[in-house]
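1. the sequence and its predicted three-dimensional model are supplied below.
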Amino acid sequence: MKYIVHDQAVLSRPPEGPLAAYIGSFARSLSEQGYSAGSMKQQVRIAAGFSRWLEQTGVGVRSICADHAIRYLRYRARHVRPRRGDQAALRHLIDFLRQEQLIPAERVPLPRLPSTERCVQAYVAYLREARALATATIVNYVPFVRGFLEDCFGKGRVTLSRLCAGDVVRFVQRQAPRLQPKRAKLLTAALRSFLRYVRYRGDITLDLAAAVPVVANWSMPSIARGIAPDQTRQLLASIDQRSATGRRDYAILLLLARLGLRSGEVASLELDEIDWSAGRLSVRGKSGHRNELPLPADVGKAIATYLIRGRPRSTCRRVFLRARAPITGFSGASGVGSVVRHALQRAGIDAPTMGAHQFRHGLATEMLCHGASLGEIGELLGHHHPQTTKIYTKVDIKALRTLAVPWPGGVQ
């Protein structure tokens, strides 16, 4: 006699053991996350077998921990040929039980952090909470600050009050020559930020941030590498919109190309941030700033088509979801970057880069060519400082030579 746990998961007999009452809920959870029927069947069978083993070993629900899952897999391997997804299935079950608060969260003893790392983490908390800096900025600053502290204090105790201008100068003099100009400037920016933080804490009274040497670098050294309009059109035309994934990717690429959004902004876009009646988007930019943007008709149509005919059912409020289980939003900007990279590779387009940011540069460059002001470009791209937008005023000298007017009277 078969026992129906879910319309896509059937057991040969009713489940037994301390988890028997929760296997149906576990199966529904897997279905909501978008797992295939085959994957659900395997995971439900593992859960039922684990529950029987728990009963045989006398383990109650509240006593279950990750170690029991490891022991069960060893026991199972002696009786049944292991399958590749067995370990992941048990991990999903344990996570489900914790989410339902049926078993307590596992307590992992935290190792005592070195003095340097404790100082770095306090600085990160300050940047995130007091300064509200973007995660990307924090990630860029931290390695330089960690390197500076290790250079000054080694593995010993960090005593910030002992810092002096000589420590700062020596570190920059040693590190800057090894770095590209942009990275060297990022190094000095990170040091100034950290030393202002140390003074804010009261560990030092001198303004050591002023002691950070200026790294020589040409202002705006390169032209922003933007994808050409014809390459964008070719890429969009290559997307197969007959599939759900294709409709998703087409909407993502249109957002990048028509509005110049950052990949992280696309990944974090939520359903409630689209005002369909007003035709506007509310985008969370760097440092949590909100940027209200118009929603072009073609972009709105592409998103609506994906929502109606491509987006899987999910409780997640993100607009764009993963194509594979678990069905949820992208974990970060890298998910959107992967969409761009694979689309360019499939289309065989030799774009300036393989990343998403080239659409932002391409849009700004095209707007400038059509007479838009830097203020208009900066407003669309969400720039908060005019200096950021000035990079698009860089001129391609080679292209201008073809437009040069001959000097009156010819060469003398």
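-> Here it is on my side, so go on.
2. got the domain ranges for the chain?
-> Using automatic domain parsing, the domains assigned to the chain come out as 3-99, 115-211, 229-397.
3. please enumerate the helices of the stretch 201-350 of the chain.
-> 229-238, 244-259, 263-268, 297-309, 333-347 (DSSP state H, counting those that start in this stretch).
4. quick one: buried residues of the fourth one?
-> Right, the one you point to is helix 297-309. For helix 297-309, burial by neighbour count (16 or more other Cβ atoms under 10 Å) applies to Val299, Gly300, Ala302, Ile303, Thr305, Tyr306, Leu307. C-beta coordinates here come from the backbone N, C-alpha and C atoms, glycine included.
5. tally of neighbours for the spatially closest residue to the last one that is not a sequence neighbour?
-> Right, the one you point to is Leu307. Closest residue in space to Leu307, ignoring its immediate chain neighbours: Val319 at 7.5 Å, by Cβ to Cβ, 6 or more residues apart in numbering. Per other Cβ atoms under 10 Å, the neighbour tally for Val319 reads 24.
6. again with Leu186
-> Number of residues near Leu186 (other Cβ under 10 Å) recorded here: 18.
7. surely it is within a strand?
-> No - assessed with DSSP: H, G, I helix; E, B strand; the rest coil, Leu186 is helix; it does not lie in a strand.
8. my guess is it contacts Asn140. True?
-> Yes - in this structure, Leu186 is within contact of Asn140 by Cβ atoms under 8 Å, at 5.8 Å.
9. does Phe194 touch Tyr141 like I think?
-> Yes - using Cβ under 8 Å, Phe194 is in contact with Tyr141, at 7.4 Å.
10. of these two, which one has the most company?
-> Neighbours were counted for Phe194 and for Tyr141 using other Cβ under 10 Å; Phe194 has more, 28 against 22.
11. what pLDDT does the more buried one get?
-> What the model reports as pLDDT for Phe194 is 96.
12. for it, what are its contacts?
-> Tyr123, Tyr141, Val145, Phe148 (Cβ atoms under 8 Å, 6 or more residues apart in numbering).
13. going on from the helix or strand where Glu55 lies, what's the next piece of helix or strand?
-> Using DSSP states H and E, Glu55 sits in helix 37-57. Using DSSP H and E, the helix or strand that follows helix 37-57 towards the C-terminus is helix 66-77.
14. from the contact counts, what lies against that following helix?
-> Applying 3 or more Cβ pairs under 8 Å, 6 or more residues apart in numbering; DSSP states H and E, one finds that helix 66-77 contacts helix 37-57, helix 86-99.
15. make CSV out of the domains of the chain and add distance to Ala105.
-> Shown next, in CSV, are these (distance: least, Cβ to Cβ, whole Å):
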stretch, distance to Ala105
domain 3-99, 6
domain 115-211, 21
domain 229-397, 19
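16. got any ranges where this structure has weak pLDDT?
-> Scanning the chain for pLDDT under 70 picks out the ranges 1-3, 7, 107-111, 216-224, 286-288, 370, 372-412.
17. ok, the most centrally placed residue in it - contacts?
-> In the chain, the centroid-proximal residue (Cα atoms, centre = their mean) is Gly332; its distance is 2.0 Å. Residues near Gly332 by Cβ under 8 Å, 6+ apart: Gly264, Ala267.
18. just Leu149 next, same as before
-> Thr116, Cys119, Val120, Val158.
19. shouldn't the last one be within a strand?
-> Spelled out, it's Val158. No - using three-state DSSP, the secondary structure at Val158 is coil, not a strand.
20. tell me who's in contact with it.
-> Counting by Cβ under 8 Å, 6+ apart, Val158 has contacts Ser115, Thr116, Arg118, Cys119, Leu149.
21. which residue sits closest to the third one, ignoring its sequence neighbours?
-> Meaning Arg118. Val158 is the one closest to Arg118 (Cβ to Cβ, 6+ apart), at 7.7 Å.
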